[in-house]
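Peer 1: Following is a predicted model, sequence given first.
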Amino acid sequence: MSDIEIIKKLEKVGLDVLDQFKTEKQPNINIPIRSLSNVYFDAKQGLIKLGDKVQERAYFNIAQTKKFMQTILIAGQIRDLMKQHKPALDTRQLFYILRGTIPGTNEDVFNEQGESDGIIEDVEVSIDALREQLKLVAVPKGIMAGPILIEDTHTGDILDYTKMGTAGGAIPPIVEEDAFKIKSCSAKYILVVEKYAVWNLLNQERYWKKNNCLLITGKGQPARAERRLVSRLAKELKLPVYVFCDMDVYGYYIYSVYKQGSINLAFFSEKAATPSAKYIGFCVDDFKKFDLPKSVLMKMDKGDLKRIEEVKNYDWFKSKEWQGELDKLKNFGHKIESDSLVTKSIEFTANEYLPTKIDNKMFLN
Amino acid sequence: MSKKEPESAKDAEKASEIGETVADKIAKDIKQTSVAEFFERNRHLLGFDSKIKAMITCIKETVDNSIDACEEMIFLNKEKKLDYSLPEVTVKIKSLGDDRFTISVMDNGPGIVKAELPQVFTRLLYGSKFNKIKQGRGQQGIGVSAAVLYSQLTTGKATHVVSKIGADKPAYYYDLRINTVENKPEIVGSGVIEKFKYDHGTEVEMEIAGTYLSKGDKSPYEYLRRTSIVNPHVRIVLITPENKKITFPRLTENLPSPTKAIQPHPYGVEVGLLIKMAQFTKTRTMQSFLTDEFSRIGPKTAKDILDAAKVDPRYKPTEITREQANKIVDIMQKTKFMSPPLDCLSSIGNEALKKSLKSEFDAEFVTTVSRSPSVYRGMPFLVEAALAYGGSLPAEEQVKVIRYGNKVPLLYDAGACAITSIVSGIDWRRYGLTQTGGRGAPTGPVMIVVHMASTWMPYTSESKSAIAHYDPIMKEMKLALLDCARNLRIYLSRKHKAQRQKERISTFVRYANKLVDGIVMLTDKQKDDVNKVINGFISKKYGGGGQ
């Protein structure tokens, strides 16, 4: 969807509301519901998707009056900025632009950023456009290294991710094709690492060079840009994606966010999820297989066990192998952080663990 | 009945049960002892047990007398189609230091005939009509003479009474004391006074030991304020020891209905009363005694009763024995009679109560309920209730309940009173007030007024400050209060609805401005045009509004 199309779509929202006031109907906006109750797992596509439940936001419903106004105001502000070709803003900056006070009162238009962030997502789903397309950005955290050439169309710079030093190259907030153009890539696969510490070690060891791959981390729970980039690279370059996380329920879940998407951003899954991604560890069986010392073990607490039960109930964890893995984890009673593998040897992850897993296709799907 | 003093509230309740009047009991007691001794022993029952209470009782006895007298005169004059003036009562309290006060109460009533005046103020039983039952303020009281006696016992001073009975008659005065050994008036001084404020009326001045409170539930101010609430036709003036003049104005010229005296109903008669009546009756046979001296006993019923009691109908009433009287009373309790006539009761009236509460508390809502008369133990009674909401009533405090018996404010013993039990037994949360656990005293900007009128007030003790828990009375009180409560709920829910609607509209108007900004940015339309459309619809839909 081009900028012009989006501007038109936003205009229609305004015209519809104006028309409802003119023709003296109940002014309301329909907004798809973004909670778990309206999220389902499309097993065929392997994606978490948004259902078709819609909430009505009505101006003359006292509980929704303010939110209605906020929605129109945010939509209006986004359109105004896009029309003027202003640089993409962070959602916090948009919050400050609109914060102000309601005329004749001491009441703020928005009390806190959480309020405006939620409404930005409402606008995204309402007009079926992504935040990035609305020229709004969320703070990205991701870094990448490996044999890929990118053109930053905004500046015209060519980014060579083999020459990014020990720090690696940042993943920018907007990685859509018109901003972040792939010029060439010789990588054979993409390795996504949960932890920055692990990524950092692998980068220093030039893992991506030795194995001819792209090495990416989202530093824990990935932000939108990292997920979107992994999805784009997998689709456009038809590269296999391997995800390496901690052996705990949070690590498993992070893998699922890359692979199937998340509940909150279900409307974003088609663009940001990578159903072909594979989990290469760490797994419960690996502890014995790789003969790790007991010092890597961390006892799980009540919160961990509770979360296992929750995750087990998600439809996208209902496959036999994942139910089995989660049961094993529960019985094992311990978690193993990917950082801890250095106890075996500093080079263990790069030289032994990862190659063994990848070469023998020891994946969880 | 022995001279033993009642040891508990229960004894007191027994003593005050219908049939044996307080006067009756006092008369008996006095025969065996001197008045002074009797008084000393029964201070607590007579309302003189503390200096605060003594102050109120002295004012109460005189003010009650004054208003009763004023009304009696007005009803009489009205009947004779003569002019009358509406009641005015002035209470003046002067401090003499050392807990000594002079209390003076002046009214524009009929005045008292010179020959009778000493008796009226000095004899503890004077004017007690034990065989006539009539609703009145001071009715069961031992009356103003108790105040006179209290004054004499605490200060040694005589009570100064001035009275004038007509424009062309002189005002005369007496300085009176009570001969406590013989229960007789002792005239210390007397004479004629040139000037009196009214053409007719009475002024009583006495010196007492007391404690003066300027405000609070047990202050003379509160007593008079409450008296004024149920007597809006009376102008009451209080001049405080600080020489401040507080006026409770007359709010209506409409007078309450006059009360009629009725004869005792057989259900309300007990042995003592029957014997007393038999001794004083002018009738010559038991047959005519029963038919003439009681209400609702016809000749046939009288004969049946006497037959059953094995008493000859021609027997002389003065000669019946206690056993015979016992039997007669017993049989009367088991016989069916019509209810007593009900036109003997005087209510405050819905309109009068409403006016008083609105004016006194600036209340935004007042509801009143008058129950029709009913009967308990052969005695007619009626209950009135009122509930005032808002205005100057404090929202965060416990609801104030003000209680009245025959239009007299009841200030003491709230905990023992049927009215208090009924108020605490209602779950006021259902009617829009807060109340912990749905029992006890509710909280809110509310004043509850309950008045019970009866030819015979069933007080729990002779200090006449709490109404006893008789089922028929409790039932009437409950029905009256629930009616008030329902009206309050209806009022509050209407009020809240209106308030919510107002808040709604103000919300729609408040956010319209920013909504217009948003739509302008979305559509690139002129701000003025968008403004017209948005605010136009809001004000069309909800009236007013717009910016």
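Peer 2: Thanks, I have the structure now. Computed from a predicted structure; not experimentally measured.
Peer 1: what about the stretch 201-350 of chain A, any weak spots by pLDDT?
Peer 2: Within the stretch 201-350 of chain A, not a single segment meets pLDDT under 70.
Peer 1: ok, residue B:244 to residue A:77 distance?
Peer 2: For residue B:244, the distance to residue A:77 under the criterion CB to CB, to the nearest Å works out to 66 Å. Heads up, the C-betas are built off the backbone N, CA and C, glycines and all.
Peer 1: So what does the residue of the stretch 351-500 of chain B found nearest chain A have for phi and psi?
Peer 2: For the stretch 351-500 of chain B, the nearest residue to chain A under the criterion CB to the nearest CB is residue B:500, separated by 8.3 Å. Recorded main-chain torsions at residue B:500 are phi -60, psi -40, according to degrees, to the nearest 10.
Peer 1: show me what contacts it?
Peer 2: Counting by CB atoms under 8 Å, 6 or more residues apart in numbering or on different chains, residue B:500 touches no other residue.
Peer 1: Helix, strand, or coil at residue B:208?
Peer 2: When the structure is reduced to helix, strand and coil (DSSP: H, G, I helix; E, B strand; the rest coil), residue B:208 reads as strand.
Peer 1: Actually, residue B:328.
Peer 2: helix.
Peer 1: Skipping adjacent residues, who's closest to it in space?
Peer 2: Leaving out its chain neighbours, the residue that sits closest to residue B:328 by CB to CB, 6 or more residues apart in numbering or on different chains is residue B:309, at 4.8 Å.
Peer 1: Test for you: state the pLDDT assigned to the one you found.
Peer 2: Among the per-residue scores, residue B:309 shows a pLDDT of 91.
Peer 1: ranges for the strands of the stretch 201-350 of chain A?
Peer 2: A:213-217, A:241-244, A:278-279, A:297-299, A:334-336 (DSSP state E, counting those that start in this stretch).
Peer 1: can you list the residues that contact the longest one?
Peer 2: This means strand A:213-217. With contacts defined as CB under 8 Å, 6+ apart, strand A:213-217 is touched by A:142-148, A:161, A:168, A:171, A:185, A:187-196, A:198-199, A:202-203, A:207-208, A:226, A:229-230, A:233, A:239.
Peer 1: next one: the fourth one
Peer 2: Taking contacts as CB under 8 Å, 6+ apart, the residues outside strand A:297-299 that touch it are A:333, A:334, A:335, A:336, A:337.
Peer 1: burial measure for the third one, as a count.
Peer 2: Other residues lying near residue A:335 total 22 when counted by other CB atoms under 10 Å in any protein chain shown.
Peer 1: who's it bridged to?
Peer 2: When assigned by DSSP bridges, residue A:335 has beta-bridge partners residue A:298.
Peer 1: Settle this for me: residue B:177 is touching residue B:158, isn't it.
Peer 2: Yes - under the criterion of CB atoms under 8 Å, residue B:177 lies in contact with residue B:158, with a separation of 4.8 Å.
Peer 1: In contact with residue A:262, which residues?
Peer 2: Contacts of residue A:262 were listed using CB under 8 Å, 6+ apart, and they are A:48, A:268, A:269.
Peer 1: does the residue of the stretch 401-547 of chain B found nearest chain A sit in a helix or strand, and which one?
Peer 2: As assessed by CB to the nearest CB, chain A sits closest to residue B:522 within the stretch 401-547 of chain B, at 2.6 Å. Taking DSSP states H and E as the definition, one finds residue B:522 inside helix B:471-523.
Peer 1: which secondary structure elements does the very next helix or strand once past that helix contact?
Peer 2: Of the helices and strands lying after helix B:471-523 in sequence (DSSP H and E), the nearest is helix B:527-542. Contacts of helix B:527-542 with other secondary structure elements, assessed using 3 or more CB pairs under 8 Å, 6 or more residues apart in numbering or on different chains; DSSP states H and E, are made with helix A:3-22, helix B:471-523.
Peer 1: returning to what we had before: so which of the contacts of residue A:262 is the closest to residue A:255?
Peer 2: Distance to residue A:255 across the contacts of residue A:262 (CB to CB) is lowest for residue A:48, with 13.3 Å.
Peer 1: Could you check how many residues crowd around the closest residue to the closest one other than its chain neighbours?
Peer 2: Using CB to CB, 6+ apart and skipping residues adjacent in sequence, the residue nearest residue A:48 is residue A:261, 4.1 Å away. Residue neighbour count, defined by other CB under 10 Å, stands at 30 for residue A:261.
Peer 1: now do residue A:145
Peer 2: Once other CB under 10 Å is used to define contacts, residue A:145 is seen to have 26 neighbours.
Peer 1: If it is in a bridge, with which residues?
Peer 2: Note on residue A:145: beta-bridge partners residue A:215, judged by DSSP bridges.
Peer 1: same thing with the one 4 residues further on?
Peer 2: With DSSP bridges as the criterion, residue A:149 is bridged to residue A:160, residue A:184.
Peer 1: Return the residues in contact with it.
Peer 2: Contacts were defined as CB under 8 Å, 6+ apart; by that measure residue A:149 touches A:158, A:159, A:160, A:161, A:182, A:183, A:184, A:185.
Peer 1: Report whether the fifth one is found in a helix, as I expect.
Peer 2: Translated: residue A:182. No - secondary structure of residue A:182 (three-state DSSP): strand, not part of a helix.
Peer 1: That one reaches residue A:150, doesn't it?
Peer 2: Yes - with contact defined as CB under 8 Å, residue A:182 reaches residue A:150; the gap is 6.2 Å.
Peer 1: More neighbours: which of those two?
Peer 2: The residue with the greater number of neighbours, taking residue A:182 and residue A:150 and applying other CB under 10 Å, is residue A:150; the counts read 23 against 16.
Peer 1: contacting residues around the spatially closest residue to the more buried one that is not a sequence neighbour?
Peer 2: Beyond its immediate neighbours in the sequence, the residue positioned closest to residue A:150 (CB to CB, 6+ apart) is residue A:159, lying 4.3 Å away. Residues touching residue A:159, when contacts are defined by CB under 8 Å, 6+ apart, comprise A:149, A:150, A:151, A:152, A:169.
Peer 1: Farthest pair within those residues?
Peer 2: Greatest spatial distance among these (CB to CB): A:151 and A:169, at 13.3 Å.
Peer 1: Which one's more surrounded, those two?
Peer 2: Between residue A:151 and residue A:169, counted using other CB under 10 Å, the more crowded position is residue A:169 (19 against 15).
Peer 1: The more buried one touches residue A:157, doesn't it?
Peer 2: No - taking CB under 8 Å as the definition, residue A:169 is not a contact partner of residue A:157, at 11.2 Å.
Peer 1: for whatever residue of the stretch 101-250 of chain A ends up closest to chain B, helix, strand, or coil?
Peer 2: Distances between the stretch 101-250 of chain A and chain B by CB to the nearest CB are smallest at residue A:103, namely 4.9 Å. With three-state DSSP as the basis, the three-state label of residue A:103 is coil.
Peer 1: What is the neighbour count of it?
Peer 2: Neighbour count of residue A:103, defined by other CB under 10 Å: 14.
Peer 1: list the contacts for it?
Peer 2: With CB under 8 Å, 6+ apart as the criterion, the residues that contact residue A:103 are B:513, B:514.
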